[in-house]
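> Okay, structure incoming, though there's no sequence with it:
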C-alpha cells in the first residue's frame, strides 16, 4: 500500500496538531497502522499504533497526550497530539503492517509514508 502523511506544522508548546495518514493502492487483508518519529541525533521512536480491531498502543513519552484513531471506510488513521512539548519536535512517519497483532507491529511493517514535520516552539 501507499501511505500519505499530512497535517504537520509548527505550534507553540502546549498547543495541538493532528496528523493524518491515508492508505491507498492494493489493499487486501487486515492492517495495523501507526506512527514513529525521528529527530536529528536520535533513534527512531515508536509513537502509537492502532489495529483493525481498534486496539491501540502508545509510546511512554506520549501516553495521555496523544490519541490515535482510524476511519476504516476511507483507510485513514489520525494522530491527535495535545499538550505538545518542544521534545515532540520531529519528523513523524506513518507506517503500516499487514497483520492485526499490535504487539508485532514494528517487525511486520512493510509500508512507510513520506513523513510530516512537527515543530514545537518553546
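Nice, thanks for sending it over. Keep in mind it's a predicted model, so treat the numbers as computed, not measured. Residues are numbered from 1 along each chain as shown.
> so which strand or helix has the residue positioned nearest the centre of the chain?
With distances taken as Cα atoms, centre = their mean, the chain has residue 35 as the residue nearest its mean C-alpha position (2.4 Å). The secondary structure element spanning residue 35 is strand 32-38 (assigned by DSSP states H and E).
> Pull the residues that contact that strand.
With Cβ atoms under 8 Å, 6 or more residues apart in numbering as the test, strand 32-38 has contacts from 3, 19, 21, 23, 44-52, 57, 68, 70, 77, 79, 88, 90-97, 99-102, 105, 108, 115, 118. All C-beta atoms are positioned from the backbone trio N, CA, C, and that covers glycine.
> average pLDDT for that strand?
Averaged across strand 32-38, the pLDDT comes to 96.
> Pull up the pairing partners for it, direction included.
Applying DSSP bridges, strand 32-38 is found paired with strand 45-50 (antiparallel), strand 90-97 (antiparallel).
> who's residue 79 bridged to?
For residue 79, the beta-bridge partners under DSSP bridges are residue 19, residue 68.
> Tell me who's in contact with it.
The neighbours of residue 79, taking Cβ under 8 Å, 6+ apart as the test, are 18-21, 35, 47-48, 66-68, 92.
> let's see it at 7 Å
When contacts are counted by Cβ atoms under 7 Å, 6 or more residues apart in numbering, residue 79 touches 18-19, 35, 48, 66, 68.
> and which of the residues you listed is nearest residue 122?
Distance ranking of these against residue 122, using Cβ to Cβ, places residue 66 first at 18.9 Å.
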